[in-house]
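In: 3D model of this:
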Amino acid sequence: MNRKKQLRVLLADPDELFRLRLRKAFCNSVVNAIVVGTVGTTVEATEFAKRHPVDMVVMETHFLGSDFKGIEAIRTLAGIRPELQVAMVSQDASAALKAYQAGAAYYIVKTPLAHAISQVLEVVSSNTGALKNS
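Out: Numbering: from 1, shown residues only. Alright, predicted model coming up:
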């Protein structure tokens with residue numbers, strides 16, 4: 001049987017709840033991917049990439065209070081693993097050009113609507129009965 005290699009994904013976002021939701025989304029819907037780690041800072045992301053095999057990093061562009069921002073981390077990650085693909089995630093669509101110029105392969109806009117949809121899907125999928133038709 002010829003099995004495809006699983007894509008090893010690192011999730012990097014300062015919002016722990018978003019990381020949990022994103023991990024759950026990957027686990028439930030991305031067949032050929034495995035989340036190998038979740039981190040809350042760019043420093044943790046670069047350290048993780050140095051120590052563990054990672055194929056892709058899904059990372060927020062803005063890390064408040066961090067030593068360096070997500071855009072700068074793209075360049076650092078490329079120096080560690082040139083083959084690494086980075087998907088930037090942000091509520092700030094204007095940062096997309098900077099992310100691509102820094103070497104990001106993908107850019108995903110994080111919107112409040114997307115958070116609301118993921119919350120609804122989470123409730124529905126857990127069958128808690130919290131949502132009922134009136």
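In: for Phe9, which residues make a bridge with it?
Out: Careful, residue 9 is Val; it's not Phe. Val35, Met56 (DSSP bridges).
In: is it true that it touches Pro53?
Out: No: contact between Val9 and Pro53 fails when scored by CB atoms under 8 Å: they sit 11.1 Å apart. C-betas here are computed from N, CA, C, even on glycine.
In: And those two? Which one has more around it.
Out: The residue with more neighbours, out of Val9 and Pro53, is Val9; 22 against 8, by other CB atoms under 10 Å.
In: Give me the distance between that one and Gln101.
Out: 23 Å (CB to CB, to the nearest Å).
In: Please point out which parts of stretch 43-50 sit buried.
Out: Of the residues in stretch 43-50, Val43, Glu44, Ala45, Thr46, Phe48, Ala49 count as buried by neighbour count, 16 or more other CB atoms under 10 Å.
In: which residue packs closest to the fourth one, ignoring adjacent ones?
Out: By that I understand Thr46. Leaving out its chain neighbours, the residue that sits closest to Thr46 by CB to CB, 6 or more residues apart in numbering is Thr76, at 5.1 Å.
In: Kindly report the same for the second one.
Out: Leaving aside its sequence neighbours, Glu44 sits nearest to Ala12 (CB to CB, 6+ apart; 7.1 Å).
In: What residues does that neighbour make contact with?
Out: Ala12 sits next to 38-42, 44-45, 57-60, 70, 73 when contact means CB atoms under 8 Å, 6 or more residues apart in numbering.
In: who touches both of Val9 and Pro53?
Out: Any residue near both Val9 and Pro53 by CB under 8 Å, 6+ apart counts here, and that gives Val36.
In: Could you look up the SS state of the residue most central in space within the chain?
Out: In the chain, the centroid-proximal residue (CA atoms, centre = their mean) is Val58; its distance is 2.9 Å. At Val58 the chain is in strand, as set by DSSP: H, G, I helix; E, B strand; the rest coil.
In: any idea how far Val109 is from it?
Out: Remark: distance between Val58 and Val109 (CB to CB) = 13 Å.
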